[in-house]
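Enquirer: The following block contains a protein sequence and its predicted model.
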Amino acid sequence: MLISHILTIFEAMLNGKSIAVVLPAYNAAETLEKTYNEIPQDIVDAVILVDDASKDETSMKAKALGITHLIRHEFNRGYGGNQKSCYKKALELNADIIIMLHADYQYTPKLIHAMSSMIANDVYHVVIGSRILGKGAIQGGMPIYKYIANRFLTFTQNILMNQKLSEYHTGYRAFSKEVFNQISIENNSDDFVFDNQMLAQLCFKGKTIGEVSCPTKYFDDSSSISFKRSIIYGLGVMHTAMLYRLAKWGIYTSKIFK
């Protein structure tokens, strides 16, 4: 009875908003079940998984778990390309709130309640799960070089973009569907810098971004990019921040901000 009462209260807090969780996945067969089982099915209306041409049994695992909205790319489109398919499907389903969660269990789905309620009650347009708020990043096993790079890039981005986010590099994000009407994600990269470009677009449009402290887990099955790809990503992040500043100054407007 108590649990039912609590669920009723929380459903009321969502103001009737429908929620879709999108899972961009690549070789996530070993971690998908743990991730999926923690998704709060009591409030989530749809789970969408996009398998980016995995070499393992990710799609088979998704089917076994009963994920009905399953898309498999015939060839690897990249992290950004995967997300484009995720959001397209969620918008086709007319979800009011779209939550992007990695299938590698690096972020806990238990924060979906908090993140979705902040959007449902019009507190923020976007909410991100920050690994930097609190002490979750280092305790969760984030490599020191990644932590230092995260802090440097975030500091620089905040200056160039006149923001105060604790980090721009988390893969745990919740969006109101309305924001997709005001930005063009198709103009963004299909690679890892997609995430950063999307946040820059949202900041450029004046969208409010909230943050919740999010513990993170780094282990063998977690997805991660190589040191070389990290360097390429970092350069892409700096390039995006510079394009943002140039657009704000009216000197040059990149297509991602049009």
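Expert: Okay, I see it. Numbers count the residues shown, from 1 in each chain.
Enquirer: and residue 174, that's in a helix?
Expert: No: assigned with DSSP: H, G, I helix; E, B strand; the rest coil, residue 174 falls outside any helix and is strand.
Enquirer: Number the chain from 863, please
Expert: Sure, I'll start numbering at 863, so the last one becomes residue 1036.
Enquirer: got a list of what it touches?
Expert: For residue 1036, the contacting residues are 959-962, 974, 977-978, 980-981, 988-990, by Cβ atoms under 8 Å, 6 or more residues apart in numbering. C-beta here means a position set from N, CA and C on the backbone, and glycine is covered the same way.
Enquirer: Specify the beta-bridge partners of it.
Expert: Going by DSSP bridges, residue 1036 is paired in beta bridges with residue 961, residue 989.
Enquirer: All the strands of the stretch 1013-1120 of the chain, residue numbers only.
Expert: Using DSSP state E, counting those that start in this stretch, the strands of the stretch 1013-1120 of the chain run over residues 1035-1038, 1071-1075.
Enquirer: So which of those strands is the most surrounded?
Expert: Of all these, strand 1035-1038 carries the top mean neighbour count, a mean of 24, counting by mean count of other Cβ atoms under 10 Å.
Enquirer: any idea how far residue 931 lies from residue 1056?
Expert: Look at residue 931 and residue 1056: by Cβ to Cβ, to the nearest Å, they are 21 Å apart.
Enquirer: just to revisit the earlier point, can I get the strands of the stretch 1013-1120 of the chain in TSV with distance to residue 968 and mean pLDDT?
Expert: Shown next, in TSV, are the strands of the stretch 1013-1120 of the chain (distance: least, Cβ to Cβ, whole Å; pLDDT from 0 to 100):
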stretch	distance to residue 968	mean pLDDT
strand 1035-1038	13	98
strand 1071-1075	15	97
